[in-house]
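A.B. asks: Just the structure for this:
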Amino acid sequence: MAEPVTDPSTPQMDEGCFTPINHDRLMAPPVRTHPPRILILYGSLRSRSFSRLSAEEAGRILTRLGAEVRSFNPSGLPLVDDGVDATHPKVRELRDLAAWCEGMVWSSPERHGAMTGVMKTQIDWIPLSDGAIRPTQGKTLAVMQVSGGSQSFNAINQMRILGRWMRMLTVPNQSSVAKAFLEFDEAGRMKPSPYYDRIVDVMEELVKFTLLTRDRAGYLVDRYSERKESAAHLSARVNQR
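C.D. replies: Numbering: from 1, shown residues only. Okay, the predicted model is just below:
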């Protein structure tokens, strides 16, 4: 095998780990035909939780768009570092769902100007790395929030930051439902409104982005720096305790 040729314009680079763009892998990967797999997380345990009701509406729309949808019920999920580990049944359930899905919907109330602790705890239990598997890297994400007062974007902006930290591909559109208590009927179904229309928009976008990226996700997030780093060093870095 020929030795890598060093380019004098980039002497800092490890030529053995630097690769040109593979247009076949990027533009024409093998295409899977199964329904997009979407996981829904919501951030409230109330019996009439508007973040859950919004998430359920999103799930119905996703199903109509041809997705396979699963939801995680956060009731019983322990706090991180509260004397339990990943063997806890609820933690294992959440992590298995995160590994199964190709995209996610996060739906949280805004409380004290932020996402809820219930929402954050779920995200905190999904690691950047679970052994050799990265549960969220390269997967798509749509973010939604509900508010008791006027429209706000604090929770969805925070969830976007977390999605980036989890190395997810967050779709540009988003949903924020103001005065959510006015937007649902007694049966818990969302009334027709521009807020509902926006949720349809967001779910359409999520399915399109998932179909566009899921076959390319591994290549899209393949990084020079991580090709340089040994598997052992990488595992030690992303699994710091």
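
A.B. asks: average pLDDT across the longest helix along the chain?
C.D. replies: Criterion DSSP state H: the longest helix present in the chain is helix 194-213. What helix 194-213 shows for mean pLDDT is 97.

A.B. asks: again with stretch 145-161
C.D. replies: Stretch 145-161 comes out at a mean pLDDT of 93.

A.B. asks: so what secondary structure elements neighbour the longest helix of the chain?
C.D. replies: Contact here means 3 or more CB pairs under 8 Å, 6 or more residues apart in numbering; DSSP states H and E; on that basis helix 194-213 packs against strand 37-42, helix 50-64, strand 103-109, strand 140-146, strand 175-177. Bear in mind the C-beta positions are built from the backbone N, C-alpha and C, glycine included.

A.B. asks: Quick check: buried residues in the second one?
C.D. replies: Think helix 50-64. Buried positions in helix 50-64, judged by neighbour count with 16 or more other CB atoms under 10 Å: 50, 51, 52, 53, 54, 55, 56, 57, 58, 59, 61, 62.

A.B. asks: show me what contacts the first one?
C.D. replies: It refers to residue 50. 44, 109, 146, 177, 180, 181, 183, 184 (CB atoms under 8 Å, 6 or more residues apart in numbering).

A.B. asks: Quick check: the farthest pair among these?
C.D. replies: 44 and 183 (15.0 Å; CB to CB).

A.B. asks: any idea which of the contacts of residue 50 is the one closest to residue 211?
C.D. replies: Comparing the contacts of residue 50 against residue 211 with CB to CB places residue 177 closest, at 26.1 Å.

A.B. asks: I'd say that closest one and residue 149 touch.
C.D. replies: No - counting by CB atoms under 8 Å, residue 149 is not a contact partner of residue 177; they are 11.3 Å apart.
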